[in-house]
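A.B. asks: this one's structure only:
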Ligand code: BEZ
């Protein structure tokens, strides 16, 4: 297992899931992907996360992001657990959960952190771009459920900055002003960003979100 870092190509794999065999690259096609691990089936925080994730699927769809969860239990267990998730979270789990019983994918993606727990995954999140490179990695402990609003916010930033020469400031949300990339001279920025550029400092130039 090699450590995965930002910018690396996301390792491909084929694995069984709650919806049958899945090859990561085929599943993602030429869109974006989010791969997120869960410590184990029939656990309370994971149950709420998967319920929430399924309610957010339409937002991920809008951004052309395919969702893929993972837990180190088997497919039969996943499918029984999904019934509980649907019942208790009032939803329908509408994306696959990888059945990583042999921990092949968890090890490939460094999702088991032995000093936290030697046999369950932590809550890893990988966001994968259409070119299959890893654009974001976040690791949460088992005791903290993820904030799916934040994951969508980060995807908005990644997608904006992939196509425009901007970066997003602290707490940025879609529609807020953005930062002009430091690599662009202010004179050039004024030509590129038709909505205007405000120079607060030579290194801190703001412009309205170019997509709104
Ligand atoms: C949970 O999902 O609730 C959980 C899983 C493993 C350890 C602690 C909590």
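C.D. replies: That came through fine. None of these values were measured; they are calculated from a predicted model.

A.B. asks: Quick one: name the residues of the protein near the ligand.
C.D. replies: Proximity of the chain to the ligand is confined to 39-40, 43-46, 142-143 under the rule C-beta under 6 Å from any ligand atom. In short, each C-beta sits where N, CA and C put it, glycine included.

A.B. asks: What about those, which are in strands?
C.D. replies: Residues of these located in strands (DSSP state E): none.

A.B. asks: Residue 158 and residue 168, how far apart?
C.D. replies: Plainly put, residue 158 is 9 Å away from residue 168 if you go by C-beta to C-beta, to the nearest Å.

A.B. asks: who has more neighbours, these two?
C.D. replies: residue 168 (20 against 17; other C-beta atoms under 10 Å).

A.B. asks: now the closest residue in space to that one that isn't next to it in sequence, what's its secondary structure?
C.D. replies: By the measure of C-beta to C-beta, 6 or more residues apart in numbering, the closest residue to residue 168 outside its immediate chain neighbours is residue 157, 4.3 Å from it. Per DSSP: H, G, I helix; E, B strand; the rest coil, the local secondary structure of residue 157 is helix.

A.B. asks: Just give the number of residues close to residue 157.
C.D. replies: By the criterion of other C-beta under 10 Å, residue 157 has 20 neighbours.

A.B. asks: Please report how far it lies from residue 130.
C.D. replies: On the measure of C-beta to C-beta, residue 157 and residue 130 end up 16 Å apart.

A.B. asks: and what of residue 88?
C.D. replies: From residue 88 over to residue 130 the distance is 35 Å, taken as C-beta to C-beta.

A.B. asks: Show me how the protein divides into domains.
C.D. replies: Listed domain ranges for the chain are 14-145, 164-207 (source: automatic domain parsing).

A.B. asks: Check the model's average confidence along the last one for me.
C.D. replies: Domain 164-207 comes out with an average pLDDT of 97.

A.B. asks: can you confirm residue 84 is in a helix?
C.D. replies: Yes: Residue 84 forms part of a helix when assessed by three-state DSSP.
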